[in-house]
Each structure stands twice: as C-alpha cells, then as structure tokens.
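Participant: curious how this folds, go ahead:
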Amino acid sequence: MEIRLVDQANKYIPEPGNTKRDSYRFGLMKKAVFEESERLYGKDVCWLTKKESMGLVVSHIYASAEALRNYDNDTAYDPNNALLLLPGNPDQFFDKCKMTFD
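Facilitator: Numbering: from 1, shown residues only. Predicted coordinates:
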C-alpha cells in the first residue's frame with residue numbers, strides 16, 4: 001500500500017521537504033525551456049537580453065528549493081516557472097530579486 005499527499009502536504013507533514021533536485025525531472029524541465037526558446041526565437045537566447053549564448057542557465061521564478069521544501073514538486077519542475085538567462089548579472093540580479101517583470 002502506498003499513500004501520497006498531494007494537496008497541502010506541508011499541513012500534515014511539519015518537517016520541510018527535501019530540497020535536493022531530481023535530476024531527471026529537472027532535465028525534462030530544462031529541455032522544455034530550451035525548446036521554447038527555439039520555438040520563439042529560432043535559437044537559444046537569453047530571454048532578457050535576447051543574446052545568443054552557449055552558457056545559458058535555467059533560472060526559476062519561484063525558487064525550486066522553496067517549492068521542494070513545501071512539497072510542491074509540480075512547481076519546482078514546471079517549465080512555466082523558469083526563464084532562460086545568461087549566467088552572471090542577468091541570472092544573479094533575477095535570483096536576488098533585483099528585477100521584476102510585468
């Protein structure tokens with residue numbers, strides 16, 4: 001028998017969830033984000049600067065560690081919860097909440 005808590009699991013399990021990433025699910029999310037860049041721009045570009053780069057990173061809008069801590073795996077690996085950004089200033093500013101989007 002297996003029991004799974006989906007909705008409001010953090011109400012019933014007081015300890016924070018494990019924040020270690022599932023590399024398989026993260027890989028699927030990352031692939032979807034890069035495919036969206038290809039579909040929208042015809043290449044892999046930073047969604048902020050529109051510059052093409054080989055070293056782009058997937059940056060979460062709602063932090064994946066926070067989602068995992070709250071037992072929200074769907075949000076942690078949702079491609080709609082991610083942006084494709086250049087490493088360095090664009091990614092760091094976004095991660096530190098120094099910029100927002102309308």
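
Participant: ok, the closest residue to Ser64 other than its chain neighbours - contacts?
Facilitator: Spatial nearest neighbour of Ser64, chain neighbours left out: Ala76 (4.3 Å); criterion: C-beta to C-beta, 6 or more residues apart in numbering. To be clear about C-beta, it is placed using only N, CA and C from the backbone, and glycine gets the same treatment. Going by C-beta atoms under 8 Å, 6 or more residues apart in numbering, Ala76 touches 21, 25, 60, 64, 67-68.

Participant: any quick ChimeraX command for the buried ones out of these?
Facilitator: Entered in ChimeraX, the line below selects the buried ones among these, by 16 or more other C-beta atoms under 10 Å:
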select :60,64,67,68
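
Participant: any stretches of the chain with poor pLDDT?
Facilitator: 1-15, 101-102 (pLDDT under 70).

Participant: re earlier: out of the contacts of Ala76, which one sits closest to Pro90?
Facilitator: His60 (13.9 Å; C-beta to C-beta).

Participant: what residues are up against the closest one?
Facilitator: Shown in contact with His60 (C-beta under 8 Å, 6+ apart): 67, 76, 81-82.

Participant: could you redo the last one with a cut-off of 7 Å?
Facilitator: With contact taken as C-beta atoms under 7 Å, 6 or more residues apart in numbering, His60 is in contact with 81-82.

Participant: with Ala67 instead?
Facilitator: Here Ala67 is in contact with 75-76 (C-beta under 7 Å, 6+ apart).

Participant: that one in helix, strand or coil?
Facilitator: Assigned with DSSP: H, G, I helix; E, B strand; the rest coil, Ala67 falls in the helix class.

Participant: any idea how far it lies from Ala32?
Facilitator: Distance, Ala67 to Ala32, using C-beta to C-beta, to the nearest Å: 16 Å.

Participant: look up how far Lys43 lies from the residue nearest in space to the middle of the chain.
Facilitator: Nearest to the mean C-alpha position of the chain, counting by C-alpha atoms, centre = their mean, stands His60 at 3.3 Å. Relative to Lys43, His60 is positioned 22 Å away (C-beta to C-beta).

Participant: Ala32 too?
Facilitator: Counting by C-beta to C-beta, the gap from Ala32 to Lys43 is 16 Å.

Participant: cheers, nothing more for now.
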